[in-house]
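Asks: Got a predicted model here, sequence first, then my questions.
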Amino acid sequence: MDPRKFIRHPSGIPIEVGASGQLVYAPRDISDIGIGGLAFRCDCALKRGLVVEIRIPLFRPPFEMNGRVVWCRARGKSFELGVEFLAQDDAFRARMVEQVCYIENYRAEVSRSEGRVLTSEEAAVEWITKFAADFPGAEGKAH
């Protein structure tokens, strides 16, 4: 997977990764997500080709999908992993998750910086008006 297919993802979005029904990766944050997959830091190396279960518990119900490890790079005492989506509809669903994450980050930032408390719906309307045109499309490029 080409790392350039990723776009920066808001930090603070937790991810859980498992293999064969066992949690192999304690919750941390996604670093990138894009049309082909996602990248994240991990405390252990995972073998290239390993199929993993991915869960983002931020949502109800949690976002869950399967992916395949396509690269693993040492980064100090941890590792950065690239995981490709196995199903095309997972890529579409991940884009929706990504947009919701940006909207929730926007909502928190408005609360912090402006003192305004927005509902998720109000934040979505404002974020779409201000930023949706710059949100990368299916080709990984801004519209």
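Replies: Yes, it's here.

Asks: Next, please give the residue ranges for the strands of the chain.
Replies: Assigned by DSSP state E, the strands in the chain fall at 6-8, 14-19, 22-34, 37-42, 51-56, 63-75, 78-85.

Asks: Just put those in TSV and tack on mean pLDDT.
Replies: Below are the strands of the chain laid out as TSV (pLDDT from 0 to 100):
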stretch	mean pLDDT
strand 6-8	44
strand 14-19	81
strand 22-34	58
strand 37-42	79
strand 51-56	86
strand 63-75	88
strand 78-85	85
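
Asks: So which of those is nearest Met96?
Replies: With CB to CB as the measure, strand 63-75 is the member of the strands of the chain nearest Met96 (8.8 Å). All C-beta atoms are positioned from the backbone trio N, CA, C, and that covers glycine.

Asks: same for the closest one, what does it pack against?
Replies: Where contact means 3 or more CB pairs under 8 Å, 6 or more residues apart in numbering; DSSP states H and E, strand 63-75 is packed against strand 37-42, strand 51-56, strand 78-85, helix 88-114.

Asks: okay, the ones you listed in CSV with mean neighbour count and distance to Trp71 next?
Replies: Output for the helices and strands packed on strand 63-75, formatted as CSV (neighbours: other CB atoms under 10 Å; distance: least, CB to CB, whole Å):
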stretch, mean neighbour count, distance to Trp71
strand 37-42, 22, 9
strand 51-56, 19, 13
strand 78-85, 21, 4
helix 88-114, 16, 18
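
Asks: Now do the domain split for this structure, please.
Replies: 3-85, 91-133 (automatic domain parsing).

Asks: who does Leu38 bridge with?
Replies: With DSSP bridges as the criterion, Leu38 is bridged to Ile33, Val83.
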